[in-house]
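Colleague: build me a model:
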Amino acid sequence: MGERRRAFVTGLGAITAAGPTVAHLRAALRGTRTFIGPLRRFDATGLKVGIAGEVDDAAEPRRLPHAARIRASRSDRFALVAAEEAVASSGLAMDALPPSRVAVAVGSSTGGMLEVESFFEACVLQRARGRFRPQLLSSAVASPGDLVATAFGATGRRLSPSTACSSSAIALAAGLHWIRSGAADVVLVGGSDGLARMTFSGFLALQAMSPTPCRPFDRQRQGMSLGEGAAILVLEAEDHARGRGAALLAELAGASFSCDASHLTAPHPGGHGAAQAFTEALADARVRPDEVDYVNAHGTGTVQNDLAESQALLHGLGAAATRVPVSSTKGLIGHLLGAAGAVEAVISAIAIQDLFIPPNFNLTERDPECPIDVVGAGGREQPVHIVASNSYGFGGNNCTVVLRRP
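Modeller: From the prediction side, this is the model:
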């Protein structure tokens, strides 16, 4: 196999329930508390579940265009806050770059859904709805990525994957392809999703939600916990990054995605599609299963997902399956849906930088039907060279991305 253009992460940005920056998330990963708490964004009275990983109101993004100040949704604002942090941490002078060489890929599953719901509620209750009307312009799942591109003047490739909970992982895969193919030198890639009534009630209807903070891979787990926020990573071609002396945080070494072709909402029970994405991502990264140091699991805390993912890892890791550390960080900040893959890619990069494997939050007793090495309280201090991060979405949309120490 010949040489190919490599893609490196040079900047990270994240806004989650843990706080408005990557530093907040990094500190939370070494703590013991969960940031999943009482839902305040909308009324959950009468619902069986009233908790979520909710983001406190953040300061306005500095680059928010004047024309977008009225219409921008929470998801839009989250994406731009994360993008501003990522670009600042990368040291890139974005305004000096050729705009056509800067691409944007931002996944989302809700877009401005909360704002559309608020408009509809005002109509039904015959309340003043004028202040909500402009926000209907940001209802599309493409809106967060469009805003990021506009704010930074990026005129290159643009994509807004919406494959449910694998959306931003697939955005990462797209960014990697654009770098390798020479279509872009810099890609702002990630995902953004805000809490919404429809997603909250939808998961409740599926009986997939836990009344207490989720406990992935735990024998007594009761389901998932929703969260919200965004993460953006700056991807750069190796020659571009080294040419300006950028700090290389991690290499996005490989990615692959697949479809279960099985069920609209449930994973394939044997994890076949997930195993395929995992195996192909390792092959794309030119990594052997026994070289993986950590798996950041999709790990939602539902019975079906955790069992299927365990099966996928047993297949994908083979003989190494019982000794490769695995953890889900959704018990810390909740499941960020379309933004989950990007946030977990940021966490994977932190693991590489800090030589630290984060714990599987809220774990008390590992489910014996998940015979993998689930990391307990406190995490593990150890060298981390290669991380595989899994993201799975409704419709059997699976994606695995592989990050490597530079």
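Colleague: just the C-alphas of stretch 397-406, formatted as CSV.
Modeller: Coordinates of the C-alpha atoms in stretch 397-406 are reproduced here as CSV (Å, rounded to 0.1, in the frame of the first residue of the first chain):
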residue,chain,number,x,y,z
ASN,A,397,-26.2,3.4,10.9
ASN,A,398,-22.8,2.4,12.4
CYS,A,399,-19.5,4.2,12.3
THR,A,400,-16.1,3.7,13.9
VAL,A,401,-13.3,6.2,13.8
VAL,A,402,-9.7,5.5,14.8
LEU,A,403,-7.4,8.1,16.3
ARG,A,404,-3.6,7.6,16.8
ARG,A,405,-0.9,9.3,18.8
PRO,A,406,1.0,11.6,16.4
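Colleague: mind listing what's buried in that stretch?
Modeller: 397-406 (16 or more other C-beta atoms under 10 Å). Placement of C-beta: from N, CA and C, glycine included.
Colleague: among those, which are in strands?
Modeller: Counted as lying in strands by DSSP state E, out of the buried residues of stretch 397-406, are 397-404.
Colleague: show me which of the residues you listed is closest to R380.
Modeller: Closest approach to R380 among those (C-beta to C-beta): L403, at 17.3 Å.
Colleague: hey, what's the closest one bridged with?
Modeller: Beta-bridge pairing for L403 (DSSP bridges): L252, V387.
Colleague: need the buried residues of stretch 397-406 in TSV with distance to G334 and pLDDT, can you?
Modeller: Shown next, in TSV, are the buried residues of stretch 397-406 (distance: C-beta to C-beta, whole Å; pLDDT from 0 to 100):
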residue	distance to G334	pLDDT
N397	20	94
N398	21	96
C399	19	98
T400	21	98
V401	20	98
V402	25	98
L403	22	98
R404	28	98
R405	28	98
P406	30	96
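Colleague: by contact count, what packs against the helix or strand hosting F278?
Modeller: Assigned by DSSP states H and E, F278 falls within helix 272-285. Contact here means 3 or more C-beta pairs under 8 Å, 6 or more residues apart in numbering; DSSP states H and E; on that basis helix 272-285 packs against strand 250-259, helix 303-317, strand 386-393, strand 397-404.
Colleague: got the contact list for the nearest residue to E365 once chain neighbours are set aside?
Modeller: Distance criterion C-beta to C-beta, 6 or more residues apart in numbering; nearest residue to E365, sequence neighbours excluded, is R219 at 4.5 Å. Contacts for R219 (C-beta atoms under 8 Å, 6 or more residues apart in numbering) come out as 364-368.
Colleague: try it again with 7 Å
Modeller: Contacts for R219 (C-beta atoms under 7 Å, 6 or more residues apart in numbering) come out as 365-367.
Colleague: ditto for E291
Modeller: For E291, the contact set (C-beta under 7 Å, 6+ apart) comprises I386.
Colleague: any idea how far it lies from L97?
Modeller: 34 Å (C-beta to C-beta, to the nearest Å).
Colleague: circling back: tabulate the contacts of R219 (JSON lines), appending pLDDT, distance to S139 and neighbour count.
Modeller: Formatted as JSON lines, the contacts of R219 follow (pLDDT from 0 to 100; distance: C-beta to C-beta, whole Å; neighbours: other C-beta atoms under 10 Å):
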{"residue": "E365", "pLDDT": "96", "distance to S139": "43", "neighbour count": "11"}
{"residue": "R366", "pLDDT": "96", "distance to S139": "42", "neighbour count": "16"}
{"residue": "D367", "pLDDT": "97", "distance to S139": "39", "neighbour count": "20"}
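Colleague: pick the one among those residues closest to R242.
Modeller: Nearest to R242 out of the contacts of R219 is R366 (C-beta to C-beta; 42.8 Å).
Colleague: quick one, phi/psi of that closest one?
Modeller: The phi/psi pair for R366 (degrees, to the nearest 10) reads phi -60, psi 140.
Colleague: number the residues from 689 up from this point.
Modeller: Done: numbering now begins at 689, and the last item shifts to R1054.
Colleague: isn't it right up against Q908?
Modeller: No. The pair R1054 / Q908 is not scored as a contact, 10.6 Å apart, by C-beta atoms under 7 Å.
Colleague: identify the contacts common to the two.
Modeller: By C-beta under 7 Å, 6+ apart, no residue touches both R1054 and Q908.
Colleague: can I assume T887 sits in a strand?
Modeller: No. Per DSSP: H, G, I helix; E, B strand; the rest coil, T887 lies outside any strand segment and is helix.
Colleague: from E997, how far off is it?
Modeller: Counting by C-beta to C-beta - T887 and E997 are separated by 21 Å.
Colleague: compare the two (neighbour count), which wins?
Modeller: Each of T887 and E997 has its neighbours counted (other C-beta atoms under 10 Å); E997 has more, 29 against 21.
Colleague: re earlier: and the helix holding F966, what's buried?
Modeller: For helix 960-973, a neighbour-count test (16+ other C-beta under 10 Å) marks 960-970, 972-973 as buried.
Colleague: re the thing from before, kindly reformat the contacts of R907 as JSON lines containing distance to F730.
Modeller: As requested, these are exported to JSON lines (distance: C-beta to C-beta, whole Å):
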{"residue": "E1053", "distance to F730": "34"}
{"residue": "R1054", "distance to F730": "35"}
{"residue": "D1055", "distance to F730": "33"}
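Colleague: and which of these is nearest to P955?
Modeller: D1055 (15.6 Å).
Colleague: pretty sure that closest one is touching P904, no?
Modeller: No. If you go by C-beta under 7 Å, D1055 and P904 don't touch, sitting 9.4 Å apart.
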